[in-house]
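*Asks:* pasting the sequence and the predicted coordinates here, then a few questions.
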Amino acid sequence: EAQVTQNPRYLITVTGKKLTVTCSQNMNHEYMSWYRQDPGLGLRQIYYSMNVEVTDKGDVPEGYKVSRKEKRNFPLILESPSPNQTSLYFCASRLGVGGNQPQHFGDGTRLSIL
Amino acid sequence: QQQVKQSPQSLIVQKGGISIINCAYENTAFDYFPWYQQFPGKGPALLIAIRPDVSEKKEGRFTISFNKSAKQFSLHIMDSQPGDSATYFCAATINAGGTSYGKLTFGQGTILTVHP
């Protein structure tokens, strides 16, 4: 089954404790991205990657890091999480850069930073 | 600034009624407008999309109306059903190249509740 898999689905942690949210897709997609969803703000892009070793900032990259060492994986790293990063996070992938291609989302990771 | 403004924030409709969600954009370079549907506990999924060279696109009970001169587009759900209860996001992107090529800009989302 074609899917984007995120882990963990839920995480409660404390300020300053480094964490990584993993994302993996099995569709051989080139383009992957991370979003955060906050009430009243919609989905905002954090980082995106056009291919292996090619990443760039989205609209809200502060406090986040990403890497793309393999085509299928695109982890999101919070090196020193803060309470304002409490949010619902989504990883997404699509075949290529073109925005007219369907974007496939994972089921989300709910992060609570205390 | 590349913004997409969506309204209303929430919408309650009776079963069988018409749900209408509106979006407005500023950047005239946007050339592809998808709508995503998100059920609780799930990620968004592509529902329907339109290009600016057509004024309307219909897929089953879902219709996008597009007004290029007003820079507005809307989603109409005919004969709304309780199973349509979800969060809906409009989005816009530039598909023709440039520095923002391929980036999806999302609206704020609309929580639709359809009462039986």
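*Replies:* Done, it's in. In this text, all values refer to a predicted model and were calculated from it rather than measured experimentally.

*Asks:* is any residue of the longest strand along chain A near chain B?
*Replies:* Taking DSSP state E as the criterion, chain A has its longest strand at strand A:42-51. Yes. Using Cβ under 8 Å from any Cβ of the partner chain, we find that strand A:42-51 touches chain B at A:G42, A:L43, A:R44, A:Q45, A:Y48. Yep, even glycine has a C-beta here, placed from its N, CA and C like the rest.

*Asks:* is the first one in a bridge, and if so with what?
*Replies:* I take that to be A:G42. A:G42 has these beta-bridge partners by DSSP bridges: A:D38.

*Asks:* so A:P61 makes contact with A:Y48?
*Replies:* No. Judged on Cβ atoms under 8 Å, A:P61 makes no contact with A:Y48 at a distance of 9.8 Å.

*Asks:* run through who's touching the longest strand of chain A.
*Replies:* Strand A:42-51 is contacted by residues A:30-38, A:55-61, A:64-66, A:68, A:71, A:74, A:76, A:89-90, A:97, B:6, B:44, B:89, B:103-104, B:106-109 when judged by Cβ atoms under 8 Å, 6 or more residues apart in numbering or on different chains.

*Asks:* centre of the chain to that strand, how far?
*Replies:* 7 Å (Cα atoms, centre = their mean, to the nearest Å).

*Asks:* now for the helix or strand that that strand is followed by, which elements pack on it?
*Replies:* Going down the chain from strand A:42-51, the next helix or strand is strand A:54-57, by DSSP states H and E. Strand A:54-57 sits against strand A:42-51, with contacts defined as 3 or more Cβ pairs under 8 Å, 6 or more residues apart in numbering or on different chains; DSSP states H and E.

*Asks:* what's near enough to touch the closest residue to B:S55 other than its chain neighbours?
*Replies:* Nearest residue to B:S55, sequence neighbours excluded (Cβ to Cβ, 6 or more residues apart in numbering or on different chains): B:F66, at 5.5 Å. Counting by Cβ under 8 Å, 6+ apart, B:F66 touches B:F33, B:I50, B:P52, B:V54, B:S55, B:E56, B:K57, B:Q72, B:F73.

*Asks:* which one of these sits in the busiest neighbourhood?
*Replies:* Of all the contacts of B:F66, the highest neighbour tally under other Cβ atoms under 10 Å in any protein chain shown goes to B:F73, namely 26 neighbours.
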